[in-house]
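1. the following comprises the amino acid sequence and a computationally predicted model.
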Amino acid sequence: MHHPNADAPPFNPLPPLVIAIAVVMGAIEAAFQLGEAGLIGGPNAAAWRQEIAYRFGFFNAVAHQMYGLQSFPPDQVMRFVTYPFFHRDVTEALFSVVFVLAIGKWVGERTHWVNLLVTFVASSALTALVASLVFSVDYLLLGAWAPICGWIGAMTWLLVLHARAVGEPPRQAFGLVAALGVFQLVFWALFGATGLFEWAVGFVSGFAIFAFLQPTLYQGVGYWLDRARNR
């Protein structure tokens, strides 16, 4: 007898947006590794990581110059959202890809891909903006931890909504954040404490942005339009 779910895939497919982000990050890091190994790019390939960081990383010096001149050329403004795709080393890149796939899959299965994309981009940009305001001109922002934590903020908000729906205390939703905080301590030991700022601002940004984009379990920004009409 044929089972109705016999043809279903054994695992739920990853959202295309999550796959795309992970593939771009992984491909960039693979190019760096092949270049550093001398397999592609010739003798200059070993310096690709540094050259790309200067071109696409977020530098406070560039941001302060734009603020001072009141000039915002697109090739410099893009730094606010390009820096998450470039990492300081292969270990950081691998952790980023794993978290993008895991957290992105969980959130992406419960929301529209546009909400997922907006949260990723906005948490990246807001983290860079805050960094430009609180750190010195020599501060450099690289890596995907800010938008990853933006997605963790989105996940936490969805867990809060679920807890409310079943009558549980919403504070339990923040248990995930506490568990990830333990992981962050290990990560700091490996890479230094600079990631604390990115995790904190990324999480708060993502939580707030996603709460606006999806204020209930089953409604998006249309919820706010309905409320405005009913006033």
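-> Sure thing, it's come through.
2. where are the low-confidence patches of the protein?
-> Low-confidence segments of the chain, defined by pLDDT under 70, are located at 1-11, 176-177, 181, 183-195.
3. and the helices in it?
-> For the chain, the helices defined by DSSP state H cover 16-36, 48-56, 60-69, 74-77, 79-82, 90-108, 113-134, 145-166, 175-191, 195-213, 222-229.
4. same list (those helices) but as CSV, adding distance to G42.
-> Every residue, glycine included, has its C-beta placed from N, CA and C. Conversion of the helices of the chain to CSV gives the following (distance: least, Cβ to Cβ, whole Å):
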stretch, distance to G42
helix 16-36, 9
helix 48-56, 11
helix 60-69, 28
helix 74-77, 26
helix 79-82, 25
helix 90-108, 21
helix 113-134, 32
helix 145-166, 32
helix 175-191, 30
helix 195-213, 33
helix 222-229, 54
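5. ranking those by burial, who's on top?
-> Mean neighbour count, computed with mean count of other Cβ atoms under 10 Å, is highest for helix 145-166 among the helices of the chain, reaching a mean of 23.
6. alpha carbons only: can I get it in PDB?
-> Coordinates of each C-alpha in helix 145-166 appear next as PDB, following Å, rounded to 0.1, in the frame of the first residue of the first chain:
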ATOM      1  CA  TRP A 145      27.500  37.900  13.300                       C
ATOM      2  CA  ALA A 146      25.300  41.000  13.300                       C
ATOM      3  CA  PRO A 147      22.700  39.800  10.800                       C
ATOM      4  CA  ILE A 148      22.900  36.300  12.200                       C
ATOM      5  CA  CYS A 149      22.000  37.700  15.600                       C
ATOM      6  CA  GLY A 150      19.300  39.700  13.800                       C
ATOM      7  CA  TRP A 151      17.800  36.400  12.800                       C
ATOM      8  CA  ILE A 152      18.200  35.100  16.300                       C
ATOM      9  CA  GLY A 153      16.200  38.200  17.500                       C
ATOM     10  CA  ALA A 154      13.500  37.200  14.900                       C
ATOM     11  CA  MET A 155      13.500  33.700  16.200                       C
ATOM     12  CA  THR A 156      13.200  34.900  19.800                       C
ATOM     13  CA  TRP A 157      10.200  37.100  18.800                       C
ATOM     14  CA  LEU A 158       8.500  34.100  17.100                       C
ATOM     15  CA  LEU A 159       9.100  32.000  20.300                       C
ATOM     16  CA  VAL A 160       7.600  34.900  22.300                       C
ATOM     17  CA  LEU A 161       4.500  34.900  20.100                       C
ATOM     18  CA  HIS A 162       4.200  31.100  20.400                       C
ATOM     19  CA  ALA A 163       4.500  31.200  24.200                       C
ATOM     20  CA  ARG A 164       1.700  33.800  24.300                       C
ATOM     21  CA  ALA A 165      -0.500  31.700  22.100                       C
ATOM     22  CA  VAL A 166      -0.200  28.600  24.300                       C
END
